[in-house]
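Peer 1: 3D, please:
(2 chains)
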Amino acid sequence: MLVKHVDNVKYDELGEITLPGGEVRRCRVLEINGTNVLVQLFESAAGINPAESSVRFLGHGVELGVSKDMLGRVFSGMGEPIDGGPRLIPERMSDVNGTPINPSARVYPSEFIQTGISTIDGLNTLVRGQKLPIFSGSGLPHANLAAQITRQAKVRSESGTDDTKFAVVFAAVGITFEEADFFISDFRRTGALDRTVLFINLASDPAIERITTPRMALTAAEYLAFDLDMHVLVIITDITNYAEALREVSAARKEVPGRRGYPGYLYTDLATMYERAGRKATSDGSITLIPILSMPEDDKTHPIPDLTGYITEGQIILSREMYRKGVLPPVDVLPSLSRLKDKGIGPGKTREDHKGVMNQLFSSYARGKEAKELMVVLGEAALTPIDRLYARFADEFEARYINQGFNENRSIEETLDLGWELLSILPNSELKRIKPDMIAKYMKRPENADSEKAGE
Amino acid sequence: MIEGKILKVSGPLVIAEGMREANMFDVVRVGSSELIGEIIEIHGDKASIQVYEETAGLARGDLVISSGAPLSVELGPGMMTNIYDGIQRPLRRLYEMTGPNLIKGIQVEALDRAKKWSFNPKVSAGDRVVGGDILGEVKETVLVNHRIMLPLGWDGEIIEISAGDFTVEEKIGVVRLKSGEERKLTLMQKWPVRIARPFKEKLPPNELMVTGQRNVDSFFPIAKGGTACIPGPFGSGKTVVQHQLAKWSAVDIVIYVGCGERGNEMTDVLNEFPRLKDPKSGESLMERIVLIANTSDMPVAAREASIYTGITIAEYFRDMGYTVAVIADSTSRWVEALREMSGRLEEMPGDEGYPAYLTSRLAQFYERAGMVVCSGSDERRIGAISAIGAVSPQGGDISEPVSQATLRIVKVFWGLDSALAYRRHFPAINWLNSYSLYKDRLAPWFTENCAPGWNENVATAMKMLQHESELEEIVKLVGVDALSPEDRLVLEVSRSIREDFLQQDALDDADAYCSLDKQYNLLSLVLGFYEAAKKAIANGADIQAVADLPVREDIGRAKFIPEAGHKAEFDAILAAAEAALAKLAEQAE
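Peer 2: Below you'll find the model as predicted:
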């Protein structure tokens, strides 16, 4: 919408449109050109009459009033309370766009978070301050996985006092009521709701609001993490809806489109959100970000998952094939990755054998899958004996390691021991990724039971 | 001073009127918070300005002031170990001044004005000097002797020069130019980033830049002064490869440009590098590095400038006669910044919305690399810049414009492969489609400096891997049993080359850096086993028994044997292997 004859309007400022009937709608400045200002409406344009509507500019951008009382409350995608409770008295107003973090003020994330899920803890370790998206598809149980992480995630420390400092910020971006309700009921059931802030933009809410919703959530998270020193887990679902809203705005501005009609700055735009996760030297708190996105047609090279993968520190990919096999959570282990895992594992954090076991499981499973593919073409007889072992390993690995259900909470020791148990299918000579002293210490083979004690 | 007023604001692009007298590429200050910008187009009295900071809050009529000078970097002691943003603002200073988040409109000098440096002159009064001549030295860090040069383009006679402790702005001497004008000499000089620093002559690169990475040095080497690119999908380990190169490359100076990438990666460099020791000098690797960080959440326009800032600093050190490596991660983000500005300027888009000048801009960047004879009156002071750029192709598909444009320019291509990464084969450089055009040129160098058999060894290994990929096609169709014992041996040994030689653990102390000697000996060990096994099989040994030999485990772990004394241990392993194979052959008879 173009507003004429205005002066002194600032770029990115928020405006209020007063309709003839007295109704107020909000808009944001997209471009200033002389005395003309191009604005983007947050709601529909229905009923706006150019002759009789007026626009008032507020002198600031989109802001969120932040306060400790946000915990346990539900807000709309624009930051208005929608749970029937009173309005908050904010500590201060924060611009939802945030400011970039100075790289020299960042603290490298290295504290291991135990999620109780073997495929994450053992193979794609999550650490505090990481941004680790879940790449999913329509119909896959990403919500269950996210809920399981929220429920089980904890930092292992001797004092065990971490819980009071833990908060969840949940942003629903254009998802259906049922999906949002699943999270809310799950949070309520587990008592997590009291330390959760929810921002809900449902599929029926205005699409443009979706651009601000995740930023609202991150602003709230920044306040909790960096002002109140809390450890905040931010879950944003679904980023795909966000990107579509961005495309809509871009098209309205008549910009040159990049791939698949998404604007050329999609990468930068996503980065300004994702990069707000992390830890800072000036605060004890942290923001761990788990964005969920559904890959259109399960295509990982689609711009949204592709650009996300370039920004985030790894990805957990869900696989339809595994889901059909009944493996839960259906994590596709091989393309999943956590870039920060190496800093979060090892002696003092998890266990000294973690790295070796992890690498060995990865490469053995990859080889096992290749062997199985070969078996499909040629039959089992054509495999070498060692490949047959690998094929068996791959089956067992899927059935026992990956498949644990949404309710089992495994400690990291259980996960690692299970890894060793599965690796015992293979002879020692195949375990090239593990140092020999680790094998001697942890490998429990039935035939040499005398070394059993060494594994502690 | 030229003053204009804002007419239009659209993202990082601001159009101001009243700018008739401004020059192209002049730096301007925009609005009341004095945001830094650069003029990129002039139409009549309207100037298009790309603003290096967030433009929210600018309004029509806000003041735009031109500084009358192009975007320049400050060159002098104090750059080493520092971390700068895309327009050379020191991030640590900013952190001290404004806290952990970046606030716009802050002006900070790149070089510390208060710090005194001990200057040791190498010329004396009365000496004739020309631009590029070394006036003296400042010991900047334990690894870097900062050579203070006469600014390029100056030519004259030294009137006075003094030793002692100076700040970067204090007078260290006076030079009288040919025109008779007398100019003050300081430790610091400036240079506009968009102009390449001149040199006397460019030389063909014919010396290896040792990186300590087996895959790179042995198979796809890069020369000093060479150019290389690393395209790969996300998760294929691009950044780890870049970090490894920055850590272990045998160069004097490393300029690491983090361009539109993750903030935590820069933090990782800041944490990790000081702890690592240079394999040659034993000093911390941080002592020779300059970091330019424009992370993905920082303003887009400054990302465009960061590459130029990095290469200009590199050229300055090259002119001192040093070997410099510029590592840019990632050039795709840089090109995206170009695309964004191009879109806002409403230029006609080329492929995928990228501007039509994409290729020429990329070429300009990579052409600033090279081995050169530096400016100055001394005979042959040789400096080199190797430029290594990461490319992040969408979906890992290198048919996209940025990868293709880059491949036409660079000489070395390290193609990262996600299939290898899934198998945790790192570095995931695909040996079948990567190439290095320096290989032939460097062959004599290898023979002379490493081992006479180096090139033959590598060629044999390469041929075997090629053969393996063909055999694998057959195995997929008819199974491994259909192969002859000789071919099965090729499969086994190829696997050994892949796993025991090409894979390198970036996090293992003994394996992260591998000297050329160890590379050669390790490959010789693997191939030595092949020769002996071939003989044994010809004498009737069973291929399965050969494949199952326990000594092969020792070969697999050979790379973890520390550098010192590795040769003796390798020889012992090979001797054991030969003995075991001979025994197998005997039993067969």
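Peer 1: Check what pLDDT residue 244 gets.
Peer 2: With no chain named, the answer covers chain A. pLDDT, residue A:244: 92.
Peer 1: wait, chain B
Peer 2: pLDDT, read off for residue B:244, is 92.
Peer 1: just the helices in the stretch 151-300 of chain B please.
Peer 2: Using DSSP state H, counting those that start in this stretch, the helices of the stretch 151-300 of chain B run over B:214, B:238-248, B:263-272, B:300-319.
Peer 1: Can you tell me which of the ones you listed is nearest to residue B:430?
Peer 2: Relative to residue B:430, the nearest member of the helices of the stretch 151-300 of chain B by CB to CB is helix B:238-248, separated by 12.4 Å. Every C-beta, even on glycine, is put in place using the N, C-alpha and C of the backbone.
Peer 1: Give me the residues contacting the closest one.
Peer 2: If you take CB atoms under 8 Å, 6 or more residues apart in numbering or on different chains as the criterion, helix B:238-248 is touched by A:339, B:211-213, B:216, B:230, B:232, B:254, B:256, B:261, B:265, B:268-269, B:272-273, B:276, B:279, B:285, B:289, B:325, B:327, B:329-330, B:388, B:390, B:392, B:414, B:416, B:426-427, B:429, B:506, B:512-513.
Peer 1: Okay, and which of these map to strands?
Peer 2: B:230, B:254, B:256, B:289, B:325, B:327, B:329, B:388, B:390 (DSSP state E).
Peer 1: By pLDDT, rank those residues and give me the bottom one.
Peer 2: Ranking the ones in strands among the contacts of helix B:238-248 by pLDDT, residue B:329 lands last with 89.
Peer 1: Spatially, what comes nearest to the residue of the stretch 351-500 of chain B found nearest chain A if we skip its sequence neighbours?
Peer 2: Residue nearest to chain A within the stretch 351-500 of chain B: residue B:395 (2.8 Å; CB to the nearest CB). Spatial nearest neighbour of residue B:395, excluding adjacent residues (CB to CB, 6 or more residues apart in numbering or on different chains): residue A:301 at 2.8 Å.
Peer 1: Which residue is the nearest non-sequential neighbour of residue A:92?
Peer 2: residue A:66 (6.4 Å).
Peer 1: got the residues of the stretch 351-456 of chain A near chain B?
Peer 2: A:355, A:359, A:362-363, A:366-367, A:374, A:377-378, A:382-384, A:387, A:428-429, A:432-433, A:435-436 (CB under 8 Å from any CB of the partner chain).
Peer 1: ok, of those, which come out buried?
Peer 2: Buried by 16 or more other CB atoms under 10 Å in any protein chain shown: A:355, A:359, A:362-363, A:366-367, A:374, A:378, A:382-384, A:387, A:428, A:432-433, A:435, out of these.
Peer 1: wait, which of the residues you listed is closest to residue B:541?
Peer 2: After measuring those against residue B:541 - CB to CB - the closest member comes out as residue A:384, at 16.9 Å.
Peer 1: on that earlier part again, name the nearest of the buried ones among the residues of the stretch 351-456 of chain A next to chain B relative to residue B:164.
Peer 2: Closest to residue B:164, out of all of those and judged by CB to CB, is residue A:355, at 52.4 Å.
Peer 1: can I assume that closest one is in contact with residue A:343?
Peer 2: No: with contact defined as CB atoms under 8 Å, residue A:355 and residue A:343 do not form a contacting pair (11.0 Å).
Peer 1: which stretches of the stretch 301-450 of chain B form strands?
Peer 2: B:323-329, B:370-373, B:382-391, B:412-413, B:435-436 (DSSP state E, counting those that start in this stretch).
Peer 1: Same list as before, those that is, but in JSON lines and with mean neighbour count and distance to chain A included.
Peer 2: Output for the strands of the stretch 301-450 of chain B, formatted as JSON lines (neighbours: other CB atoms under 10 Å in any protein chain shown; distance: least, CB to the nearest CB, whole Å):
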{"stretch": "strand B:323-329", "mean neighbour count": "27", "distance to chain A": "11"}
{"stretch": "strand B:370-373", "mean neighbour count": "21", "distance to chain A": "30"}
{"stretch": "strand B:382-391", "mean neighbour count": "26", "distance to chain A": "11"}
{"stretch": "strand B:412-413", "mean neighbour count": "22", "distance to chain A": "20"}
{"stretch": "strand B:435-436", "mean neighbour count": "18", "distance to chain A": "24"}
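Peer 1: Can you report how many residues lie near residue 101?
Peer 2: With no chain named, the answer covers chain A. 26 (other CB atoms under 10 Å in any protein chain shown).
Peer 1: should've been chain B
Peer 2: Residues near residue B:101, counting by other CB under 10 Å: 18.
Peer 1: list the contacts for it?
Peer 2: Contacts of residue B:101 (CB under 8 Å, 6+ apart): A:98, A:99, A:100, A:101, A:102, A:105.
Peer 1: roughly how far apart are the residue lying closest to the fifth one once chain neighbours are set aside and residue B:396?
Peer 2: This points to residue A:102. Closest residue in space to residue A:102, ignoring its immediate chain neighbours: residue B:95 at 4.9 Å, by CB to CB, 6+ apart. Using CB to CB, to the nearest Å, residue B:95 is found at 36 Å from residue B:396.
Peer 1: end-to-end on stretch B:104-118?
Peer 2: By CA to CA, to the nearest Å, the extent of stretch B:104-118 from end to end equals 35 Å.
Peer 1: Let's check: the centremost residue of the chain is which one?
Peer 2: By default, I'm working from chain A. Centroid-nearest residue in chain A: residue A:290, 1.5 Å away (criterion: CA atoms, centre = their mean).
Peer 1: If that residue is in a bridge, with which residues?
Peer 2: residue A:235 (DSSP bridges).
Peer 1: and the gap between it and residue A:439?
Peer 2: 35 Å.
Peer 1: circling back: output the helices of the stretch 151-300 of chain B as JSON lines; include the columns distance to residue A:88 and mean neighbour count.
Peer 2: Output for the helices of the stretch 151-300 of chain B, formatted as JSON lines (distance: least, CB to CB, whole Å; neighbours: other CB atoms under 10 Å in any protein chain shown):
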{"stretch": "helix B:214", "distance to residue A:88": "59", "mean neighbour count": "22"}
{"stretch": "helix B:238-248", "distance to residue A:88": "41", "mean neighbour count": "23"}
{"stretch": "helix B:263-272", "distance to residue A:88": "30", "mean neighbour count": "22"}
{"stretch": "helix B:300-319", "distance to residue A:88": "34", "mean neighbour count": "27"}
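Peer 1: Those: lowest mean pLDDT?
Peer 2: By mean pLDDT, the lowest-scoring of the helices of the stretch 151-300 of chain B turns out to be helix B:263-272, with a mean of 87.
Peer 1: Looking at the stretch 201-350 of chain A, which residue is nearest chain B?
Peer 2: For the stretch 201-350 of chain A, CB to the nearest CB, closest residue to chain B: residue A:301, 2.8 Å.
Peer 1: Is it correct that that residue is in contact with residue B:399?
Peer 2: No: using CB under 8 Å, residue A:301 makes no contact with residue B:399, being 11.9 Å away.
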